[in-house]
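# Here is my input, please return the structure:
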Amino acid sequence: MLNVVVVCEESGIVREAFRRRGHDAISVDLQPSAQPGPHHQGDALEFLFKYARDFDLMIAHPFCTYTAVSGNRHYANTHYRKYGIAFAEAIWHQPIAMRCLEHPVSVLPASGDIDVKPQYIQPWQFGHGETKRTALFLTGLPSLQPTKIVDGREPRVWQMPPGPERKRLRSRTYQGIADAMAQQWGQSSLSP
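Numbering: from 1, shown residues only. Next comes the predicted model:
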């Protein structure tokens, strides 16, 4: 059994995928959890500064508004971009042996102090017929292997209309990806 912290997750999707496989998992976010389960509502960095050493595995989803390449026209060379990079770096450099930082295509590999080359995945590799190129910065973990390649290459996330729920819905982890993380990393990390 692993002690898992899922940082910047209000949905509880990744947390619950690990809990279903018998791991002790908690999510941390400024927002309340969208589903029942162990959740700390509050500042992620404050939580990690106090409790990071208690965890074997961290999966982090730092907000990407300021660091995504898609936001270059709004945030390039601004203090917002610098803040977004610094926030992601502060999460990344926690004293946790196994870490995954999930992010869209972003400026982090070129501008940040995150010293690993990302693995890129797509939802259609994990049972969802959609496109959403996602970077996984990994340390202490193997690359995430596709589990169910399906047809369909719909960019639904990108095409979502403006609205109050858009940001929250776009940031949710696909269930197939969460399940793959829990199955592969939960299992591989237990072997000697």
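# and stretch 3-16, average pLDDT?
Throughout stretch 3-16, pLDDT has a mean value of 96.
# Could you tell me how far the closest residue in space to Val105 that isn't next to it in sequence is located from Val5?
Nearest residue to Val105, sequence neighbours excluded (Cβ to Cβ, 6 or more residues apart in numbering): Val69, at 4.9 Å. Quick note: C-beta positions are derived from backbone N, CA and C, even for glycine. Distance, Val69 to Val5, using Cβ to Cβ, to the nearest Å: 27 Å.
# okay, the two: which has more neighbours?
Val5 (28 against 13; other Cβ atoms under 10 Å).
# still on that earlier bit, let me see the contact set for the residue nearest to Val105.
Listed by Cβ atoms under 8 Å, 6 or more residues apart in numbering, the contact set of Val69 reads Pro104, Val105, Ser106, Val107.
# Farthest pair within the residues you listed?
Pro104 and Val107 (10.6 Å; Cβ to Cβ).
# for the protein, which spans come out with low pLDDT?
For the chain, applying pLDDT under 70 flags the ranges 111-112, 155-171, 188-192.
# Which parts of it are strands?
All strands of the chain, identified by DSSP state E, fall at 3-7, 24-29, 39-41, 57-60, 98-104, 119-121, 134-139.
# ok, and what's touching the fourth one?
In this structure, residues lying in contact with strand 57-60 by Cβ under 8 Å, 6+ apart are 2-9, 14, 44, 48, 52, 91-92, 94, 96-102, 141, 181, 185, 189.
# Appreciated, that's everything.
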